[in-house]
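**Q** Next one to model:
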Amino acid sequence: IAPHAIGKWIFEMTNRVVLIEHNQHLLDTRVHAWLKRNDFVIDVRRPCIGDAIAPIDADVHATVLFGGPHNVYETDKHPFLLEEYRWIETCLDHQVPILGICQGAQQIAHHLGAWSGPTESVRYEFGHYEIHPSDQAVAEGFLQQSLRVTQAHFHTFDLPSGAVHLARSDGFENQAFRFGTNTYGFQFHAEQRESEFRNWQNAKWAMFDKPGAQSRAEQNDYLAQCNDAQDTWFNGFLDDFLGPKPMGTKKGDAE
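**A** Residues are numbered from 1 along each chain as shown. A predicted model of the protein is given here:
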């Protein structure tokens, strides 16, 4: 291997972030943009369409489990979830940072022994809703004040034993939690950029007629108000969650 190639290989092998997606189309979120901007290697896996998750190795810096339409407890109906639960357990064992978003957060909670599913009243959040920080969230610097964020769900979860409650909304008590030092679950979708949310508004599954959902006009108004603040907060969270870039070269140094 040429010397310049060795440097590039070392960089790539120490900067891999595994993204577990649950959609038929590839996502384009704030997570993807942050990773590209900071020169991380993006390893997308979609077990829901047959992808295998690569074995854990020293090159795995973190993992993110995104949202999706699957009930997290229906492993008989969706056997691919079993592989994802094995992945969560492996990452927990190896202290790999984990971020679960919506379905991903529910999966982490379920794996840790907590209940997950629809509420008795079957309330929905579809649009942009305020989340409110817990006292611990303020103390940790996770979230200093209420923030309006993107939502699209009617399932929720109980707080896993030993987890730290970080945020709630008026409709759902558990909007964010931390387990250990580097595992987070978010019920909300701060990762979604405006273009992706517009796709949700036009999707067949759009939940405009459900109890608690906002109208399209309300969503548009709130999006204009909260998009920049949501972007700033979430990118700041990623800065802290993923931490300093692992040892390697800066982009271009090994090219």
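
**Q** Residue 151 should be in a strand, yeah?
**A** Yes - counting by DSSP: H, G, I helix; E, B strand; the rest coil, residue 151 is located in a strand.

**Q** Partner strands of the lengthiest strand in the chain and their direction?
**A** When the chain is parsed with DSSP state E, its longest strand is strand 125-133. Here strand 125-133 has these sheet partners by DSSP bridges: strand 147-153 (antiparallel), strand 164-169 (antiparallel).

**Q** chain center to the first one: distance?
**A** How far strand 147-153 lies from its chain's middle: 13 Å, per C-alpha atoms, centre = their mean, to the nearest Å.

**Q** and after it, which helix or strand comes next?
**A** For strand 147-153, the succeeding helix or strand toward the C-terminus, using DSSP states H and E, is strand 155-157.

**Q** now the strands: where do they sit in the stretch 51-200 of the chain?
**A** Here the stretch 51-200 of the chain has its strands, by DSSP state E, counting those that start in this stretch, at 60-65, 98-101, 116-118, 125-133, 147-153, 155-157, 164-169, 176-179, 183-186.

**Q** And the last one, what does it pack against?
**A** Spelled out, that is strand 183-186. Counting contacts by 3 or more C-beta pairs under 8 Å, 6 or more residues apart in numbering; DSSP states H and E, strand 183-186 packs against strand 98-101, helix 103-111, strand 176-179. Glycine gets a C-beta too; all of them are placed from N, C-alpha and C.

**Q** What's opposite the residue lying closest to residue 134 once chain neighbours are set aside in the beta bridge?
**A** Using C-beta to C-beta, 6 or more residues apart in numbering and skipping the chain neighbours, the partner closest in space to residue 134 is residue 165 (5.0 Å). Bridge pairing for residue 165 (DSSP bridges) gives the partners residue 177.

**Q** any low-confidence regions in the stretch 151-255 of the chain?
**A** Counting by pLDDT under 70, the stretch 151-255 of the chain shows low-confidence ranges at 244-255.

**Q** Buried residues in stretch 179-188, which are they?
**A** Within stretch 179-188, the residues scored as buried using 16 or more other C-beta atoms under 10 Å are 179, 182-188.

**Q** Need the CA coordinates for that stretch. PDB is fine.
**A** Taking C-alpha atoms only, stretch 179-188 is exported to PDB below (Å, rounded to 0.1, in the frame of the first residue of the first chain):
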ATOM      1  CA  PHE A 179     -28.900   5.600  29.600                       C
ATOM      2  CA  GLY A 180     -25.400   5.300  31.000                       C
ATOM      3  CA  THR A 181     -23.100   8.000  29.700                       C
ATOM      4  CA  ASN A 182     -23.500   7.700  25.900                       C
ATOM      5  CA  THR A 183     -26.800   6.100  25.000                       C
ATOM      6  CA  TYR A 184     -29.700   8.500  24.100                       C
ATOM      7  CA  GLY A 185     -33.300   8.000  23.000                       C
ATOM      8  CA  PHE A 186     -35.300  10.700  21.300                       C
ATOM      9  CA  GLN A 187     -39.000  10.300  20.600                       C
ATOM     10  CA  PHE A 188     -38.900  13.400  18.400                       C
END
